[in-house]
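**Student:** structure for the following, please:
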Amino acid sequence: MNKISTITATAALTLGVSSATNAVPNLQLDAQDGTYDGTTETTVCATASCDFYAIATPQGNVSEAEILNNTYYVSIALMGPGGSVDTGGSFGSFDVLVNGISKTVLVTDNMVLGVPPLETVLGLQDADPGDLSTHSIFPTYFTQVAIDFIATDTIATYDVEPDAGSPASKVAGTGSFYDIVQIDTTNLAEGYQLHLDLYNTEVADCEGPGNPNCVISDIDADDFAPFSHDAETGSTGGQSSTGGQSSTGGQTSTGGQTSTGGQTSTGGGNVAEPSILALLGFSMLGGLLFNRKHKIKG
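**Tutor:** This next block holds a predicted model:
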């Protein structure tokens, strides 16, 4: 094999390994017995009670220590029939169980209107550049639950997109960590769904050069699962609802926080999907061959 062929084969092999590694995001959500909807790019669990698996994989600039020492959150957001949610309505309830702690969430009394993550500063529940992108879900009513990844709760590393629905069979494998959020929608109003996103947060300190858009103590999403790796419940056939007014934002939310929501988010970071990473890899390979060709000519 000549030198140029050796370089080509080596670069292609490196690209293949790199693409395989980067195909798995740092954060993902899966659902036991769920199915992956390629249209919405979401794992959907159709049963009334479902175990959602939050999965974290150390790779790139996210270390195992960072995953085990940080608190992560799962937002649980309300989706209405046809995508609309009335403000001030009563849409039943759902139950959440995380690490042995359960709570019943009254919809919408125990939820906040806006865009995750949950803020601690009044008036900041609107979408801002550090929040999750709206991705056709927000602004809407949501709550969030805290989860912790621990060293003994491991799961085999895999990509949810082509392999959704059986995370329990991968528990005790290695490479990733998991926690379970169990949700029961038996008492949720008919036609409504719950959408889940996974992320951790950071607090804006506004240090350094002046930033007119920075608000001290604003809670922003730091790392989050790509929107092609989120999850949701199926549409319910449960309780009747007593809706309010059509949701156009600007309402006062429950839970002790004031929302001025209803604006389209222009924030939220974009996570490079595997196809984009592959294109970048091929560009690098092309550059390598281009440089080699000119060296041979010279």
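**Student:** could you pull out the strands for the stretch 101-250 of the chain?
**Tutor:** Under the criterion DSSP state E, counting those that start in this stretch, the stretch 101-250 of the chain contains strands at 101-106, 112-114, 140-147, 154-156, 175-184, 193-203, 219-224, 230-233, 245-246.
**Student:** mean pLDDT for those: which is lowest?
**Tutor:** When these are compared by mean pLDDT, strand 245-246 comes last with a mean of 42.
**Student:** flag the shaky bits of the chain, pLDDT-wise.
**Tutor:** Residues of the chain meeting the criterion pLDDT under 70: 1-22, 119-135, 202-228, 237-298.
**Student:** what's the domain layout of it?
**Tutor:** As recorded under automatic domain parsing, the domains making up the chain are 1-24+271-298, 26-269.
**Student:** give me every residue that touches Q144.
**Tutor:** The neighbourhood of Q144, defined by Cβ atoms under 8 Å, 6 or more residues apart in numbering, consists of 73-76, 116-118. Using the backbone N, CA and C atoms, a C-beta is placed for each residue, glycine as well.
**Student:** top of those residues by neighbour count?
**Tutor:** When neighbours are counted by other Cβ atoms under 10 Å, P116 leads these with 28 neighbours.
**Student:** what's the closest non-adjacent residue to that residue?
**Tutor:** Leaving aside its sequence neighbours, P116 sits nearest to S75 (Cβ to Cβ, 6 or more residues apart in numbering; 4.0 Å).
**Student:** helix, strand, or coil at that neighbour?
**Tutor:** Classification of S75 by DSSP: H, G, I helix; E, B strand; the rest coil places it in strand.
**Student:** what bridges to it?
**Tutor:** Q144, D197 (DSSP bridges).
**Student:** so it makes contact with T143?
**Tutor:** Yes: if you go by Cβ atoms under 8 Å, S75 and T143 touch, sitting 7.3 Å apart.
**Student:** got any residues that touch both of those two?
**Tutor:** Counting by Cβ under 8 Å, 6+ apart, the common neighbours of S75 and T143 are L118.
**Student:** quick check: G82 is in a helix.
**Tutor:** Yes: counting by three-state DSSP, G82 is part of a helix.
**Student:** tally of neighbours for it?
**Tutor:** For G82, using other Cβ under 10 Å, the count is 7.
**Student:** please apply the same query to I183.
**Tutor:** Look at I183: counted by other Cβ under 10 Å, it has 26 neighbours.
**Student:** dump the residue contacts of D148.
**Tutor:** D148 touches 71-72, 99, 179, counting by Cβ under 8 Å, 6+ apart.
**Student:** now which of those residues would you call buried?
**Tutor:** Those of the contacts of D148 that meet the buried threshold are 72, 179, by 16 or more other Cβ atoms under 10 Å.
**Student:** for this protein, just list every one of the helices.
**Tutor:** Shown for the chain, the helices assigned by DSSP state H span residues 3-22, 64-69, 274-297.
**Student:** distance of N69 relative to D51?
**Tutor:** From N69 over to D51 the distance is 25 Å, taken as Cβ to Cβ, to the nearest Å.
**Student:** burial measure for T174, as a count.
**Tutor:** 9.
**Student:** neighbours around the nearest residue to it once chain neighbours are set aside, how many?
**Tutor:** Nearest in space to T174, with sequence neighbours left out and distances taken as Cβ to Cβ, 6+ apart, is T154 at 5.6 Å. By other Cβ under 10 Å, 17 other residues sit near T154.
**Student:** contacting residues for T154?
**Tutor:** Taking Cβ under 8 Å, 6+ apart, we find T154 in contact with 171-178.
**Student:** what do you get for V85?
**Tutor:** V85 makes contact with 78-79, 108, 140-141, 247 under the criterion Cβ under 8 Å, 6+ apart.
**Student:** from what I see, D33 and C45 are in contact.
**Tutor:** Yes: in this structure, D33 is within contact of C45 by Cβ under 8 Å, at 6.6 Å.
**Student:** look at the two and report which has more neighbours.
**Tutor:** C45 (25 against 14).
**Student:** roughly how far does F94 sit from C50?
**Tutor:** According to Cβ to Cβ, F94 and C50 sit 11 Å apart.
**Student:** hmm, back to that, any chance of the strands of the stretch 101-250 of the chain in a markdown table, plus distance to I55?
**Tutor:** Shown next, in a markdown table, are those (distance: least, Cβ to Cβ, whole Å):
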| stretch | distance to I55 |
| --- | --- |
| strand 101-106 | 20 |
| strand 112-114 | 26 |
| strand 140-147 | 11 |
| strand 154-156 | 6 |
| strand 175-184 | 5 |
| strand 193-203 | 8 |
| strand 219-224 | 13 |
| strand 230-233 | 11 |
| strand 245-246 | 37 |
